[in-house]
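Participant: sequence and computational prediction follow.
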Amino acid sequence: VLDDSLVEARTKELLYSYSTGVWRKAAWATAHATTGRPPISVRWVDVSNGDEQTPDYRSRLAASQLQTHAPSRQLYFAPAPPLHALRTVLCSSATDWKGSALHVRDPESEMGTQISFIDVSRAYFNAKRDPDVDPVYVDLPPGDPDKARGMVGLLLVNLYGTRAAADGWHCEYSNLL
């Protein structure tokens, strides 16, 4: 039996997915005809950041795309921001460049130099996919009424557990920065 707060976390995740357009629904037969294989299965990944008295559940719907090699025999990998990028940001924020009033050192000033480390919630959903170039179909989550009617989801953004998710997010933040 699922705890009420776990049900709430899953509902919150589904509402977010539906509101941001993570996928476009399509027929199972279309998915199979397009890719030559069935859609990728999905499962819930649940984590409690609390304890037994006060659970703090976070749920993510993750795909189970397990193939570790591309057809070209190249390995897939999950890129992370390079350490030199962090060093560059720290160095830039700590350095007063000659003739530049770039940094304000007064802690009372609203213009003070500040560094923020931010955990991007649902980061992969920010990386768009082009479904015409590389269509990826996933099963709809349990409880979706269209799942019983033979519908699947054509991903419009990256989803946790797909091979391209980490690389898509890497490209997204690299292009932005």
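Facilitator: That came through fine.

Participant: show me where the protein has its helices.
Facilitator: For the chain, the helices defined by DSSP state H occupy 4-20, 28-35, 83-94, 165-176.

Participant: state the distance from the most centrally placed residue in the chain to Leu159.
Facilitator: For the chain, the residue nearest the mean C-alpha position is Tyr124 (1.9 Å; CA atoms, centre = their mean). Going from Tyr124 to Leu159 by CB to CB, to the nearest Å gives 6 Å. For glycine as for every other residue, the C-beta is placed from the backbone atoms N, C-alpha and C.

Participant: any residues in contact with both of these two?
Facilitator: With contacts taken as CB atoms under 8 Å, 6 or more residues apart in numbering, Tyr124 and Leu159 have Ala165 as neighbours in common.

Participant: spit out the contact partners of Val89.
Facilitator: Contact partners of Val89, counting by CB under 8 Å, 6+ apart, are Ile115.

Participant: use 30 as the first number for this chain going forward.
Facilitator: Got it, first residue is 30 now, which makes that one Val118.

Participant: show the model's pLDDT score for Gly182.
Facilitator: Looking at Gly182, its pLDDT reads 94.

Participant: in terms of secondary structure, what does the lowest-mean-pLDDT helix or strand in the chain contact?
Facilitator: Lowest by mean pLDDT, DSSP states H and E among the helices and strands of the chain is helix 194-205, with a mean of 74. Applying 3 or more CB pairs under 8 Å, 6 or more residues apart in numbering; DSSP states H and E, we find helix 194-205 packed against no helix or strand.

Participant: got the angle for that helix vs helix 112-123?
Facilitator: 30 degrees (axes from the mean of the first three to the mean of the last three CA atoms, to 10 degrees).
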